[in-house]
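K.L.:
need the 3D shape of this:
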Amino acid sequence: MSARAILLISIIFAAGSAAADPIGMRAKGGHPEYLFLESLMEPCLPCHGKPKGEPDMLGYAKDGLEAGDLIGLMSVTVAVDD
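P.N.:
All right, here's what the predicted structure looks like:
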């Protein structure tokens, strides 16, 4: 991983993402694409937390999740010259 890619990924994850280490890497359009697991963060709990089924602040049913639960995958494609 190049220094520019590491810097970009560090900036993204300093903003609050859950995982700082990629779980995988693949080529996409000739550029590296890094894959990261995404966990639910504390600020997400008013809408996605417990109790499951209870209305959130917008009237939708809460999901019953807890902080740290895995909720997705984020991909970061970095076009850099090594």
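K.L.:
all helices of the chain, in order?
P.N.:
Assigned by DSSP state H, the chain shows helices spanning 3-14, 45-48.
K.L.:
lowest mean pLDDT across those helices, which one is that?
P.N.:
Mean pLDDT is lowest for helix 3-14 out of the helices of the chain, coming in at a mean of 55.
K.L.:
this protein: strands as residue ranges?
P.N.:
24-28, 31-39, 70-77 (DSSP state E).
K.L.:
could those go into a markdown table alongside mean pLDDT?
P.N.:
Output for the strands of the chain, formatted as a markdown table (pLDDT from 0 to 100):
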| stretch | mean pLDDT |
| --- | --- |
| strand 24-28 | 77 |
| strand 31-39 | 81 |
| strand 70-77 | 79 |
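K.L.:
just these: most buried one?
P.N.:
Stretch with highest mean neighbour count among the strands of the chain: strand 31-39 (a mean of 16; mean count of other C-beta atoms under 10 Å). Every C-beta, even on glycine, is put in place using the N, C-alpha and C of the backbone.
K.L.:
remind me what it packs against, helices and strands.
P.N.:
For strand 31-39, the packing partners by 3 or more C-beta pairs under 8 Å, 6 or more residues apart in numbering; DSSP states H and E come out as helix 3-14, strand 24-28, strand 70-77.
K.L.:
from G29, how far off is the spatially most central residue of the chain?
P.N.:
Nearest to the geometric centre of the chain sits E38, at 3.3 Å (C-alpha atoms, centre = their mean). Note on E38: its distance to G29, by C-beta to C-beta, to the nearest Å, is 22 Å.
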